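*Asks:* Any chance you could fold what I've pasted below:
(one chain, ligands or ions: 1)
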Amino acid sequence: MKPNELIVKGKVKSVIQAVEEDQVLIHYHDKVTAGNGEKEDYPEGKGKINNEISCLIFKQLEKAGIKTHFIQYAGPALMRCKKVEIIPIEVVVRNYADGSIVRQTTIPKDTKFSPPLIEFYLKDDSKNDPLLTEDRLSVMGYKNLRQMKQYAAETNVVVSDIFKKIGITLIDFKIEFGTTVEGNIVVADEISPDGCRLRMNDKSMDKDLFRKGEGDIIEAYQTILNKLKE
Ligand code: TMP
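*Replies:* Model (predicted):
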């Protein structure tokens, strides 16, 4: 692949080949989507904010010894990462009940999960990202579940602590994993308010504001970034 060549264009990010063959640049767009892309908007400055938040979180994960794809901040809305093959499974960690688990079960909202729930979903919009069982994953050929679960639990401890320090509760979040050129599994994609539920003084500070049309995500995301940088 040639430098600057587009590798993948996702819903709100693009992955671009870096000069180094084993590295990529992730470009965060000023775009937000919900409901598998049914609803979208183009909030100015979102790409830059989410990139900065994601870079700060990945830096802390690396510092805590958790292997990620992150290399460095590479300019406004750009993150330099190791090239990985994304595993098409979304791992959701839940500390408190909200969202789909409340809609789909009899578990009351805000139930605290101790230990946190770790769930696997198929990353496939055409199938509406279904929840997977470990038996189904096994038949599908996934062998690294225990490792992904352990990394997800460790990531949750670090990310919950980052937010707790700024007065925000991490309700739940989504992680993606990738396989490096060397064959190692690392935390990949982004960790930003787009893929987390975050609550500050009973107020949503995440993409639920956009999903439910209840507020300005830029104001909320910028508040988070400012607090993280304090
Ligand atoms: P859920 O309650 O809709 O299952 O979502 C749980 C958390 O995972 C929430 O913080 C949003 C995040 N998530 C994504 O970012 N992308 C996804 O495709 C899914 C299923 C969840």
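
*Asks:* Point out the other helices and strands that the helix or strand in which Arg197 is found packs with.
*Replies:* Taking DSSP states H and E as the definition, Arg197 sits inside strand 196-200. Secondary-structure packing of strand 196-200 (3 or more CB pairs under 8 Å, 6 or more residues apart in numbering; DSSP states H and E): strand 169-180. (Each C-beta comes from the backbone N, C-alpha and C, glycine too.)

*Asks:* Just the angle for the strand it packs on relative to strand 196-200, thanks.
*Replies:* Angle, strand 169-180 to strand 196-200, by axes from the mean of the first three to the mean of the last three CA atoms, to 10 degrees: 150 degrees.

*Asks:* For this structure, which segments are assigned as strands?
*Replies:* 6-9, 13-17, 23-28, 32-34, 39-41, 70-73, 78-82, 84-96, 112-122, 131-132, 169-180, 185-188, 196-200, 203-204 (DSSP state E).

*Asks:* Mind giving me the packing neighbours of the third one?
*Replies:* So the one you mean is strand 23-28. Counting contacts by 3+ CB pairs under 8 Å, 6+ apart, strand 23-28 is packed against strand 13-17, helix 46-63, strand 78-82.

*Asks:* Just put those in TSV and tack on mean neighbour count.
*Replies:* Shown next, in TSV, are the helices and strands packed on strand 23-28 (neighbours: other CB atoms under 10 Å):
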stretch	mean neighbour count
strand 13-17	18
helix 46-63	21
strand 78-82	21
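
*Asks:* Need those in JSON lines (columns: mean pLDDT and distance to Arg199).
*Replies:* Formatted as JSON lines, these follow (pLDDT from 0 to 100; distance: least, CB to CB, whole Å):
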{"stretch": "strand 13-17", "mean pLDDT": "98", "distance to Arg199": "25"}
{"stretch": "helix 46-63", "mean pLDDT": "98", "distance to Arg199": "16"}
{"stretch": "strand 78-82", "mean pLDDT": "98", "distance to Arg199": "26"}
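
*Asks:* who in the protein is up against the ligand?
*Replies:* Residues of the chain found near the ligand (CB under 6 Å from any ligand atom) are Glu90, Val92, Gly99, Ser100, Tyr121, Asp129, Asp172, Phe173, Lys174, Gly195, Cys196, Arg197.

*Asks:* count of residues packed around the third one?
*Replies:* Spelled out, that is Gly99. Residues within reach of Gly99, counting by other CB atoms under 10 Å, total 15.

*Asks:* Is it correct that it is in contact with Asp172?
*Replies:* Yes. Assessed by CB atoms under 8 Å, Gly99 is found in contact with Asp172 at 6.7 Å.

*Asks:* residue in the protein nearest to the ligand?
*Replies:* Closest approach between the chain and the ligand, counting by CB to the nearest ligand atom: Gly99, at 2.2 Å.

*Asks:* That residue: what's it in contact with?
*Replies:* Asp172, Arg197, Asp208 (CB atoms under 8 Å, 6 or more residues apart in numbering).

*Asks:* And the pLDDT at Ser160?
*Replies:* pLDDT for Ser160: 98.

*Asks:* ok, for it, nearest residue in space, not its chain neighbours?
*Replies:* Leu170 (4.5 Å; CB to CB, 6 or more residues apart in numbering).

*Asks:* show me the contacts for the one you found.
*Replies:* Going by CB under 8 Å, 6+ apart, Leu170 touches Asn95, Asn156, Val159, Ser160, Phe163, Lys164, Cys196, Arg197, Leu198.

*Asks:* Just the buried subset of the residues you listed, please.
*Replies:* Asn95, Asn156, Val159, Ser160, Phe163, Cys196, Arg197, Leu198 (16 or more other CB atoms under 10 Å).

*Asks:* Great, nothing more from me.
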